[in-house]
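1. Sequence plus the predicted model coming up.
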Amino acid sequence: MVVAYGTSKKTNANVGYEIFVNDDRAVCGLTKPTRFVLARRIRVSRHDARFVTQKYSPISGSLPVALMDRLRQLRGKLTTLYGDEELRHVHEWIGANCCKDRDRIAKALQTLRSLQYAAA
(Lines give C-alpha, C1' and ligand atoms only; values in the text may rest on other atoms or scores of the structure.)
Protein backbone atom coordinates (compact mmCIF):
# COMPACT_ATOMS: atom_id res chain seq x y z
CA MET A 1 0.00 0.00 0.00
CA VAL A 2 1.05 3.60 -0.53
CA VAL A 3 1.03 5.94 2.46
CA ALA A 4 1.04 9.72 2.01
CA TYR A 5 2.36 12.25 4.49
CA GLY A 6 -0.51 13.82 6.41
CA THR A 7 -0.60 16.67 8.91
CA SER A 8 -3.18 18.76 10.73
CA LYS A 9 -0.73 21.65 11.16
CA LYS A 10 -1.22 24.77 9.07
CA THR A 11 2.04 25.44 7.30
CA ASN A 12 3.36 26.31 3.88
CA ALA A 13 5.90 23.49 4.03
CA ASN A 14 5.58 20.65 1.52
CA VAL A 15 2.87 22.31 -0.57
CA GLY A 16 1.74 20.86 -3.87
CA TYR A 17 -0.01 17.65 -4.88
CA GLU A 18 -2.27 17.88 -1.84
CA ILE A 19 -5.60 16.50 -0.74
CA PHE A 20 -7.35 18.47 1.99
CA VAL A 21 -9.75 16.54 4.22
CA ASN A 22 -11.97 19.00 6.07
CA ASP A 23 -15.72 18.39 6.10
CA ASP A 24 -15.41 14.65 5.45
CA ARG A 25 -12.83 13.99 8.16
CA ALA A 26 -15.11 11.74 10.26
CA VAL A 27 -15.74 9.51 7.22
CA CYS A 28 -11.98 9.30 6.72
CA GLY A 29 -11.33 8.32 10.35
CA LEU A 30 -9.83 11.70 11.27
CA THR A 31 -10.65 14.04 14.15
CA LYS A 32 -8.99 17.19 12.72
CA PRO A 33 -8.82 18.76 9.27
CA THR A 34 -5.84 17.09 7.60
CA ARG A 35 -3.67 17.81 4.58
CA PHE A 36 -2.14 14.84 2.72
CA VAL A 37 0.85 15.52 0.47
CA LEU A 38 1.05 13.00 -2.36
CA ALA A 39 4.50 14.21 -3.35
CA ARG A 40 5.64 12.74 -0.02
CA ARG A 41 4.55 9.13 -0.02
CA ILE A 42 6.07 5.70 0.42
CA ARG A 43 5.13 2.16 -0.51
CA VAL A 44 4.94 -0.14 2.52
CA SER A 45 3.48 -3.45 3.60
CA ARG A 46 0.46 -3.38 5.92
CA HIS A 47 2.67 -5.31 8.33
CA ASP A 48 5.51 -2.76 8.25
CA ALA A 49 7.18 -2.27 11.64
CA ARG A 50 6.59 1.50 11.36
CA PHE A 51 2.88 0.88 11.96
CA VAL A 52 3.61 -0.63 15.36
CA THR A 53 3.61 2.32 17.72
CA GLN A 54 3.97 2.74 21.44
CA LYS A 55 1.85 5.84 21.96
CA TYR A 56 -0.69 6.08 19.12
CA SER A 57 -2.54 3.72 16.84
CA PRO A 58 -2.31 4.28 13.10
CA ILE A 59 -5.43 5.72 11.50
CA SER A 60 -6.97 3.84 8.63
CA GLY A 61 -9.87 5.30 6.70
CA SER A 62 -11.13 5.86 3.20
CA LEU A 63 -11.70 8.92 1.08
CA PRO A 64 -15.17 9.94 -0.15
CA VAL A 65 -15.82 9.90 -3.91
CA ALA A 66 -14.94 13.57 -4.50
CA LEU A 67 -11.56 13.18 -2.80
CA MET A 68 -10.90 9.89 -4.63
CA ASP A 69 -11.38 11.84 -7.87
CA ARG A 70 -8.78 14.33 -6.65
CA LEU A 71 -6.45 11.43 -5.74
CA ARG A 72 -6.76 9.98 -9.26
CA GLN A 73 -6.11 13.42 -10.76
CA LEU A 74 -2.96 13.90 -8.67
CA ARG A 75 -1.67 10.40 -9.40
CA GLY A 76 -2.12 11.14 -13.09
CA LYS A 77 -0.13 14.36 -12.74
CA LEU A 78 2.62 12.52 -10.87
CA THR A 79 2.74 9.78 -13.51
CA THR A 80 2.96 12.45 -16.24
CA LEU A 81 5.70 14.22 -14.30
CA TYR A 82 7.78 11.04 -14.04
CA GLY A 83 6.92 9.61 -17.45
CA ASP A 84 5.43 6.28 -16.36
CA GLU A 85 4.33 4.14 -13.44
CA GLU A 86 7.78 2.65 -12.88
CA LEU A 87 9.34 6.08 -12.35
CA ARG A 88 6.51 6.98 -9.98
CA HIS A 89 7.38 3.88 -7.94
CA VAL A 90 11.04 4.95 -7.97
CA HIS A 91 9.93 8.33 -6.64
CA GLU A 92 8.08 6.56 -3.82
CA TRP A 93 11.22 4.57 -3.03
CA ILE A 94 13.28 7.77 -3.01
CA GLY A 95 10.79 9.31 -0.57
CA ALA A 96 10.90 6.24 1.65
CA ASN A 97 14.68 6.33 1.81
CA CYS A 98 15.05 10.06 2.55
CA CYS A 99 17.15 10.93 -0.49
CA LYS A 100 17.85 14.68 -0.36
CA ASP A 101 18.16 15.10 -4.13
CA ARG A 102 15.00 13.21 -5.07
CA ASP A 103 13.88 15.69 -7.76
CA ARG A 104 17.30 15.59 -9.44
CA ILE A 105 17.38 11.79 -9.20
CA ALA A 106 13.86 11.45 -10.63
CA LYS A 107 14.68 13.79 -13.55
CA ALA A 108 17.87 11.84 -14.28
CA LEU A 109 15.92 8.57 -14.27
CA GLN A 110 13.30 10.08 -16.56
CA THR A 111 16.03 11.20 -18.99
CA LEU A 112 17.59 7.73 -18.95
CA ARG A 113 14.18 6.16 -19.54
CA SER A 114 13.48 8.42 -22.54
CA LEU A 115 16.91 7.59 -24.00
CA GLN A 116 16.13 3.86 -23.65
CA TYR A 117 12.81 4.33 -25.48
CA ALA A 118 14.47 6.39 -28.22
CA ALA A 119 17.11 3.68 -28.76
CA ALA A 120 14.49 0.91 -29.00
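-> Great, that's in hand.

2. So which helix or strand of this protein has the lowest pLDDT on average?
-> helix 85-96 (a mean of 65; mean pLDDT, DSSP states H and E).

3. Now do the strand ranked longest in the chain, average pLDDT.
-> With secondary structure taken from DSSP state E, the chain has its longest strand at strand 34-43. Averaged over strand 34-43, pLDDT sits at 82.

4. What are the buried residues along it?
-> The neighbour-count criterion (16 or more other C-beta atoms under 10 Å) identifies T34, R35, F36, V37, L38, A39, R40, R41, I42 as the buried residues of strand 34-43. Backbone N, C-alpha and C define where each C-beta goes, glycine included.

5. next one: stretch 22-31
-> D24, R25, C28, L30.

6. and the last one, what pLDDT?
-> Spelled out, it's L30. pLDDT, L30: 87.

7. what separates the closest residue to it other than its chain neighbours from A4, distance-wise?
-> Once flanking residues are discounted, L30 sits nearest to V21: 6.0 Å by C-beta to C-beta, 6 or more residues apart in numbering. Computed as C-beta to C-beta, to the nearest Å, the V21 to A4 distance reads 11 Å.
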